[in-house]
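Participant: I'd like to go over a predicted model; first the sequence, then the structure.
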Amino acid sequence: MKVASPGTQPAAPARRSRVPGVTTQIFIGLFVGIAIGYFWPGVGVSIKPLADAFLRMIKMIIAPLLFSTLVVGIAGTGDLKAMGRIGIKAIIYFEVATTIALFWGLALVNWFQPGAGLAVPIGADTGELAALAQRQQHAWDIFLHLFPTSVIDAMARGDILQLVVFSTFFGIALAAIGEKGKPVVDVLEATAQLMFKFTGYVMRFAPVGVMAAIAATVEEAHPRELERLGDLAQNVVRTQFIAVLGNVGLAVPVACLIALAWPLLFGDAPVTAAKAASMLRDMHPFTSGSLFFAAVAGVGLFLSGLVSGYFDNQARYHRLAGRIAVAPWLAWLGRRHTARIGDYLDAHYGAILGNLFFGMYLGLVGVLGTLTGLPVDIRHVAFSSANLGTALTLLDAESIKQLLPWAVAGVIGIALVNLAVSFSLALYVAMKSRRLGSEQMFRLTALMLRRFAQRPLAFFSPPAKR
């Protein structure tokens, strides 16, 4: 035991900073921006350059941060074979899981029919469409676009895909030369640490940027097509409910079966009892960060919806089904088979790419949290349900009795936050696309509450056939 020497004073405890954290500051900026945009719209428009400056700062850190972290991550493995095995396993797992999810989703959609009876008019500018048709890219154009003529040019233009390709080749080559490349790895590792610090400085400006952006976008508009938008929102709620039902209904029994079969196949449990208990504690809605991490996953759900919609529209515009049906390189399959392939891809093109984006988002968020040391992770209802099923299979009755109630509450909370965040962002985009302001958002909310009070089951059950 250490004893303080005479004449010395014990060190004073470090004072806690009274300044709120960045997340709290961002929420404060959000509400301040709403207030400014609502009560002083002229001020909101005048401070929009602050939001533009913040977005530019975000863009300027992406290229060096991505290049340094990706190269260090690839070169740091030191074993190209091990890296290849990890990549192959990840691809196989993703393909198997995606195939199961697609079939389960098709079954649920055919039963509940989300969106049935909703007719959304889509206008078209034929002149603009004809111009786009002249500029469309073919398969070889897309392939050639992967490779930059100059990495500096790719960084300057913010072409992330070209930068990823260059960084991948650079990292593989750096790993291949072994010890000779260690100085370069050290420099890039230091660069990555520097960029993480740089990112921290940029994020200090985030509350001001969010405040300016929200203040500039909050505006009043006349109510238009609220009933039609209410139909759309009601169908989205039904779709999201189906998604949760599908995730829980598939993830829990599959996880239980895997946990039961694993010892028979490999001679040991997939996780220890301590890890299973930890997985349940990580779902606690109050003593863990599960609800905040669920909001992070909700943002990914929203973004994947945008990606899916973009590629679905692209498939319709480019008439993907017809192009595949007459593709010369598929002629050996026969016209009937190529037509079926084209119809399938035309119907599921957006869903496939949206799921691919969401899978990458879920994986990269955890990696970002590990690399930066920031408390950032994801909690998705499917993963949480699978963890719940695994723990139920492996833990004893006493442990389950203590942890299960809060774990179930956590899964429900995670599902609600996933849906609330993704739905709120999607609703905001839908309202803005129709140039509706905050007053109409409140009116739409009142309309949805009135509908729910009158017919609550209509938000969850299949629509009536017309």
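Facilitator: Perfect, I can see it now. Residues are numbered from 1 along each chain as shown.
Participant: hey, let's count contacts and neighbours off CA atoms from now on
Facilitator: Fine.
Participant: who's in contact with the closest residue to residue 73 other than its chain neighbours?
Facilitator: Excluding the flanking residues, the one nearest residue 73 by CA to CA, 6 or more residues apart in numbering is residue 171, at 7.9 Å. Residue 171 is in contact with 70-75, counting by CA atoms under 8 Å, 6 or more residues apart in numbering.
Participant: Name the member of these with the shortest distance to residue 352.
Facilitator: residue 70 (25.1 Å; CA to CA).
Participant: any idea how far residue 159 is from the closest one?
Facilitator: Computed as CA to CA, to the nearest Å, the residue 70 to residue 159 distance reads 15 Å.
Participant: Give me the more crowded residue out of the two.
Facilitator: The neighbour count for residue 70 versus residue 159, taken as other CA atoms under 10 Å, is higher for residue 70 (20 against 16).
Participant: Which of the helices or strands spans the more buried one?
Facilitator: helix 48-75 (DSSP states H and E).
Participant: Okay, buried residues for that helix please.
Facilitator: Across helix 48-75, burial judged by 16 or more other CA atoms under 10 Å covers 48, 50-51, 54-55, 57, 63-75.
Participant: average pLDDT for the helix or strand just after it?
Facilitator: Next helix or strand after helix 48-75 toward the C-terminus (DSSP H and E): helix 80-112. Per-residue pLDDT over helix 80-112 has a mean of 79.
Participant: The helix holding residue 70 versus helix 80-112: what angle between them?
Facilitator: Helix 48-75 and helix 80-112 are oriented at 130 degrees to each other (axes from the mean of the first three to the mean of the last three CA atoms, to 10 degrees).
Participant: Check the offset of helix 48-75 from the chain's centre.
Facilitator: Averaging C-alpha positions (CA atoms, centre = their mean, to the nearest Å) puts helix 48-75 18 Å from its chain's average.
Participant: need the contact list for residue 370.
Facilitator: By CA under 8 Å, 6+ apart, the contact list for residue 370 is empty.
Participant: any idea how far it lies from residue 453?
Facilitator: For residue 370, the distance to residue 453 equals 45 Å [CA to CA].
Participant: With residue 106 instead?
Facilitator: If you go by CA to CA, the gap between residue 106 and residue 453 works out to 30 Å.
Participant: Tell me where the model's unsure across the stretch 1-150 of the chain.
Facilitator: For the stretch 1-150 of the chain, the stretches with pLDDT under 70 are 1-19, 38-39, 41-42, 78-80, 86-87, 90, 114-137.
Participant: And the average pLDDT for the longest helix anywhere in the chain is what?
Facilitator: Using DSSP state H, we find that the single longest helix of the chain is helix 226-266. Here helix 226-266 scores 83 as its mean pLDDT.
Participant: and that helix with helix 80-112, angle?
Facilitator: Here helix 226-266 runs at an angle of 130 degrees relative to helix 80-112 (the same axes, to 10 degrees).
Participant: helices or strands next to helix 226-266 in the packing?
Facilitator: Here helix 226-266 touches helix 80-112, helix 381-394, helix 397-433, helix 438-454, going by 3 or more CA pairs under 8 Å, 6 or more residues apart in numbering; DSSP states H and E.
Participant: tell me the most buried of those?
Facilitator: Across the helices and strands packed on helix 226-266, the average number of neighbours (mean count of other CA atoms under 10 Å) peaks for helix 381-394, which reaches a mean of 24.
Participant: Kindly format the C-alpha coordinates of that one as CSV.
Facilitator: Extracted in CSV, the C-alpha atoms of helix 381-394 (Å, rounded to 0.1, in the frame of the first residue of the first chain):
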residue,chain,number,x,y,z
VAL,A,381,-33.9,-6.2,-34.7
ALA,A,382,-32.8,-9.2,-36.8
PHE,A,383,-29.4,-9.4,-35.1
SER,A,384,-30.9,-8.8,-31.7
SER,A,385,-33.5,-11.5,-32.3
ALA,A,386,-30.8,-13.9,-33.4
ASN,A,387,-28.8,-13.2,-30.2
LEU,A,388,-31.9,-13.7,-28.2
GLY,A,389,-32.5,-17.1,-29.8
THR,A,390,-28.9,-18.2,-29.3
ALA,A,391,-28.9,-17.1,-25.6
LEU,A,392,-32.2,-18.9,-25.0
THR,A,393,-30.8,-22.1,-26.3
LEU,A,394,-27.5,-22.0,-24.3
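Participant: Right, I'll call it a day here.
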